[in-house]
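*Asks:* Take a look and give me a structure for this.
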Amino acid sequence: MKHIDYNENPFIVIWEVTRACALSCVHCRAEAQFHRYENELDTEEGKALIREIHAMDNPILVFTGGDPLMREDLFELTAYASSLGMRVSMTPSATPRVTHDAVKRAKAAGLSRWAFSIDGPDAVTHDYFRGTRGSFDRTIRGISYFREEGMSFQINTTVTEYNVDRLPEMAKLVESLGVSVWTLFFLVPTGRGSLLQPITPERHEEVLKWAFSLQETAPFIISTTEAQFYRRVARQENQRRRAAGLPPIGHPHDDLAKAPRGTNDGNGFVFISHTGDVQPSGFLPITCGNVRTTPLADIYRHHPTFKALRDPDTHHGKCGYCEYRYLCGGSRARAYAVTGDYKEAEPYCIYQPERPLVSQ
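*Replies:* Okay, here's the model as predicted:
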């Protein structure tokens, strides 16, 4: 994979094309509503933004929401980005808009990957989480369309105290569905997600070790969001395996799922809201500018918040001296949500690095 200087360009750009959504998910970062907002970027503004993103060394572009399918011009925007040679993914909601025709239109527009959300191994668990009866069945039906069309798709699962004990069942379901990637989202208490119960720091460690061991036999890639210390866990577990004479566990190559090196909020990762506000991530809602007035590249490269996020030596507490700070760096979004300071130590990581000696 090509080298990317995260000081200059991101690996992935998330554009929240709308906040409208027909679901009422209990964890929703965007606190989505049923209607579209008047001040959303329009089609021509969207195409101009796509050109700006493409100029930043052609990163992955993800359309998110809300529900991207609430935009009538979604496939026009997808086709436009695809025509520039961009890799485009989207994360629509499981509503009646997910039809076989919509999947065919996505394929014709050049969509690289579609991400479905499943937060439980059965309808009762998932539908409660999504706040809408029938969501699980619609998701499974939508997946069948993708399998019929031979298109790649992934499943996203938000891990909370509510569903953490069901993850082994989820893994079996994910395998049976034939996904390319299973992404575990670890709760950041923002938006409606602030009302949910996150798993404990100790349970984070257990789940990440379990996920890494599962990667040895799983026919799909396992990735994480807002669990940057998964990289530390993976390195430590492979060190133990080598010491025991076992081969390390690797990851199948998939440049839509795995960056050449780990990203973090504002560090290889950037988020644009439905109104054009630029933030380090959707879970770190600090607005650093707006694409309607300032080029995206200028904001990403030069805004003090982005520059600070890319300097782990200045993180506070143990994250600032941890030997894994460049590999991991801790979730800056979770630090902000829990402490109010995005530079604070990752609050859910139990690893205790040795404090470096200070010369007298």
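*Asks:* From the opening residue of stretch 149-168 to its closing one, how far?
*Replies:* With CA to CA, to the nearest Å as the measure, the first residue of stretch 149-168 is 28 Å from its last.
*Asks:* per-residue pLDDT, the closest residue to residue 80 other than its chain neighbours?
*Replies:* For residue 80, the nearest residue in space outside its immediate sequence neighbours is residue 47; the separation is 5.4 Å by CB to CB, 6 or more residues apart in numbering. No exception for glycine: its C-beta is placed from N, CA and C like everyone else's. The pLDDT attached to residue 47 in the predicted structure is 98.
*Asks:* Quickly find the element holding residue 47.
*Replies:* Assigned by DSSP states H and E, residue 47 belongs to helix 43-55.
*Asks:* So the residue nearest to residue 80 is in contact with residue 77, correct?
*Replies:* Yes. At 7.0 Å, residue 47 counts as touching residue 77 under the criterion of CB atoms under 8 Å.
*Asks:* between the two, who's got more neighbours?
*Replies:* When neighbours are counted by other CB atoms under 10 Å, residue 47 and residue 77 differ, and residue 77 comes out ahead with 24 against 17.
*Asks:* Nearest spatial neighbour of the more buried one, chain-adjacent residues omitted?
*Replies:* Distance criterion CB to CB, 6+ apart; nearest residue to residue 77, sequence neighbours excluded, is residue 46 at 5.2 Å.
*Asks:* ok, the one you found to residue 11 distance?
*Replies:* 21 Å (CB to CB, to the nearest Å).
*Asks:* Compare neighbour counts for the two and give me the winner.
*Replies:* A count of neighbours by other CB under 10 Å puts residue 46 above the other of residue 46 and residue 11, at 24 against 21.
*Asks:* need the contact list for the more buried one.
*Replies:* Residues counted as contacts of residue 46 (CB atoms under 8 Å, 6 or more residues apart in numbering) are 15, 17, 73, 77.
*Asks:* Now secondary structure too, for those residues, in CSV please.
*Replies:* Conversion of the contacts of residue 46 to CSV gives the following (DSSP: H, G, I helix; E, B strand; the rest coil):
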residue, secondary structure
15, strand
17, coil
73, coil
77, helix
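*Asks:* before we move on, the earlier item: moving C-terminal from the helix holding residue 47, which element do we reach first?
*Replies:* On the C-terminal side of helix 43-55, the nearest following helix or strand under DSSP H and E is strand 60-64.
*Asks:* which outside residues touch that following strand?
*Replies:* Contact with strand 60-64 is made by 11-17, 50, 53, 74, 77-78, 81, 86-91, 115, 255-256, 282, as judged by CB under 8 Å, 6+ apart.
*Asks:* Looking at these, which are in strands?
*Replies:* Among the contacts of strand 60-64, the members falling in strands (DSSP state E) are 12-16, 88-90, 115.
*Asks:* Extract the residue ranges of the protein that are flagged as low pLDDT.
*Replies:* Across the chain, the ranges flagged by pLDDT under 70 are 1-2, 22-36, 191-195, 252-258, 260, 357-360.
*Asks:* any chance you could map the helices in it?
*Replies:* 43-55, 74-83, 100-109, 123-130, 135-149, 167-177, 201-214, 230-243, 296-302, 304-309, 332-339 (DSSP state H).
*Asks:* how about the ones you listed in TSV, adding distance to residue 345?
*Replies:* Shown next, in TSV, are those (distance: least, CB to CB, whole Å):
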stretch	distance to residue 345
helix 43-55	32
helix 74-83	37
helix 100-109	41
helix 123-130	29
helix 135-149	36
helix 167-177	26
helix 201-214	11
helix 230-243	13
helix 296-302	25
helix 304-309	14
helix 332-339	7
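*Asks:* Pick the most deeply packed of those.
*Replies:* Comparing the helices of the chain by mean neighbour count (mean count of other CB atoms under 10 Å), helix 332-339 comes out on top with a mean of 23.
*Asks:* which other residues reach that one?
*Replies:* Among residues not part of helix 332-339, those counted as contacts by CB under 8 Å, 6+ apart are 186, 188-190, 194, 226, 264-266, 280-281, 283-284, 286, 309, 319, 341-348.
*Asks:* cutoff 7 Å now
*Replies:* When contacts are taken as CB atoms under 7 Å, 6 or more residues apart in numbering, the neighbours of helix 332-339 outside the stretch itself are 188-190, 226, 264-266, 280-281, 283-284, 309, 341-342, 344-348.
*Asks:* and what of stretch 89-97?
*Replies:* 21-23, 60, 62-64, 67-69, 98, 111-116, 135, 138-139, 142, 256.
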